[in-house]
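[1] structure, please.
(chains A and B)
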Amino acid sequence: MQPLAVTHPADLAASRRLPGDLAIWFFILAELLAFAVFFASYAFARASHVAEFNLYQQTLDRNAGALNTVLLITGSWFVVLAVQAAHRDDVKGVPRNILLGFLCGAGFLVVKVFEYAAKFGAGISLSTNTFYMFYISLTFFHFMHVILGMVILAILWFQARKGAYGSHDAHGLESGAAYWHMVDLLWIVLFPLVYVMR
Amino acid sequence: MNALKNPAHRAWLIMMIATAITWYLGEVGAAGTLAIVTMLLIAFVKGRLVILDFMELREAPRLWRALLEGWLILVASLILLAYWISLK
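    This next block holds a predicted model:
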């Protein structure tokens, strides 16, 4: 017999908790794998078109890309603060931080729309060359994920205003937050890869 | 400095500095092996902070933490391999 107060490694393992619902993590994993294929395709396509990729990469707006990195990381940070607020039953803090995260996402979309307008205005399209094909399709695929993330944040905001999340239950909030962080994680790889690395 | 006890605040601050470094490397036109490895390392550090401190997988079941960190290592390795091929 062992004294009950001793913490066994097995007990520690049991205390490890996955935030949110298991299903969202499988979904996130599937999304990450799809993007991994996309990122690798870009990198290997570049290996056989180095001069073209290096030339046209210089036409991208690096400032806009960096600003969008700041917006997504900050938006993610606000959503972490929303989850933390829920765990300490800060009823007002939850919707406020979700809203701030949503606004960061909106800022990202605005910057991206200006960036696309400049490129499309210059007559650039998917068929211009291999580099632009990847630039437009990769960033647009990610753009759609930002929009889906914002739809999720909007739903969470409505629920949070009704007081749905607190220390009693934050599962839905944690699931949505995990998806939003995935959108951030993808951009953290996409920005250096497409805009900066040469 | 009390605010930095919150891992989320600390992660945000580190990622802002890391983003500024990547942006600066772009401004000075850094290219080649050292630049690529540096930028991939920065992306790895940022991605890991998102996984551990934003997604809160630091204390999650080891399998899920390993899957997400493994994804980051896989992506960084594939990119590094492709760039290494391009430099040959």
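
[2] who's in contact with the residue nearest to A:Trp25 when sequence neighbours are not counted?
    Sequence neighbours aside, B:Trp64 is the residue nearest to A:Trp25 in space, at 6.0 Å (criterion: C-beta to C-beta, 6 or more residues apart in numbering or on different chains). In short, each C-beta sits where N, CA and C put it, glycine included. Applying C-beta atoms under 8 Å, 6 or more residues apart in numbering or on different chains, we find B:Trp64 in contact with A:Leu18, A:Trp25, B:Leu57.

[3] let's have these in a markdown table, adding neighbour count, pLDDT and distance to B:Trp71.
    Output for those, formatted as a markdown table (neighbours: other C-beta atoms under 10 Å in any protein chain shown; pLDDT from 0 to 100; distance: C-beta to C-beta, whole Å):
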| residue | neighbour count | pLDDT | distance to B:Trp71 |
| --- | --- | --- | --- |
| A:Leu18 | 19 | 96 | 16 |
| A:Trp25 | 24 | 98 | 12 |
| B:Leu57 | 25 | 97 | 12 |
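
[4] turn those residues into CSV, including secondary structure and distance to B:Ala18.
    Below are the contacts of B:Trp64 laid out as CSV (DSSP: H, G, I helix; E, B strand; the rest coil; distance: C-beta to C-beta, whole Å):
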residue, secondary structure, distance to B:Ala18
A:Leu18, coil, 27
A:Trp25, helix, 25
B:Leu57, coil, 19
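
[5] run through chain B and note the low-pLDDT ranges.
    B:1 (pLDDT under 70).

[6] longest helix of it?
    helix B:62-87 (DSSP state H).

[7] check the offset of it from the chain's centre.
    From the chain centre to the centre of helix B:62-87 is a distance of 11 Å (C-alpha atoms, centre = their mean, to the nearest Å).

[8] how distant is stretch A:130-140 from the center of its chain?
    So, by C-alpha atoms, centre = their mean, the centroid of stretch A:130-140 is 18 Å from its chain's centroid.

[9] in that stretch, what's buried?
    Using 16 or more other C-beta atoms under 10 Å in any protein chain shown as the test for burial, stretch A:130-140 gives A:Phe131, A:Tyr132, A:Phe134, A:Tyr135, A:Ile136, A:Leu138, A:Thr139.

[10] tell me how far the fourth one lies from A:Lys119.
    Taking C-beta to C-beta, to the nearest Å as the criterion, A:Tyr135 is separated from A:Lys119 by 8 Å.

[11] tell me the residues that contact both of those two, please.
    By C-beta under 8 Å, 6+ apart, no residue touches both A:Tyr135 and A:Lys119.

[12] residue in chain B nearest to chain A?
    B:Ala82 (3.4 Å; C-beta to the nearest C-beta).

[13] my read: that residue touches A:Phe44, true?
    Yes: under the criterion of C-beta atoms under 8 Å, B:Ala82 makes contact with A:Phe44 at 4.7 Å.

[14] between the two, which is the more surrounded one?
    B:Ala82 (21 against 16; other C-beta atoms under 10 Å in any protein chain shown).

[15] for the closest residue to that one other than its chain neighbours, what are its contacts?
    The shortest distance from B:Ala82 to any non-neighbouring residue, by C-beta to C-beta, 6+ apart, is to A:Ala43 (3.4 Å). Residues in contact with A:Ala43 (C-beta under 8 Å, 6+ apart) are A:Leu193, B:Leu78, B:Ile79, B:Leu81, B:Ala82, B:Tyr83.
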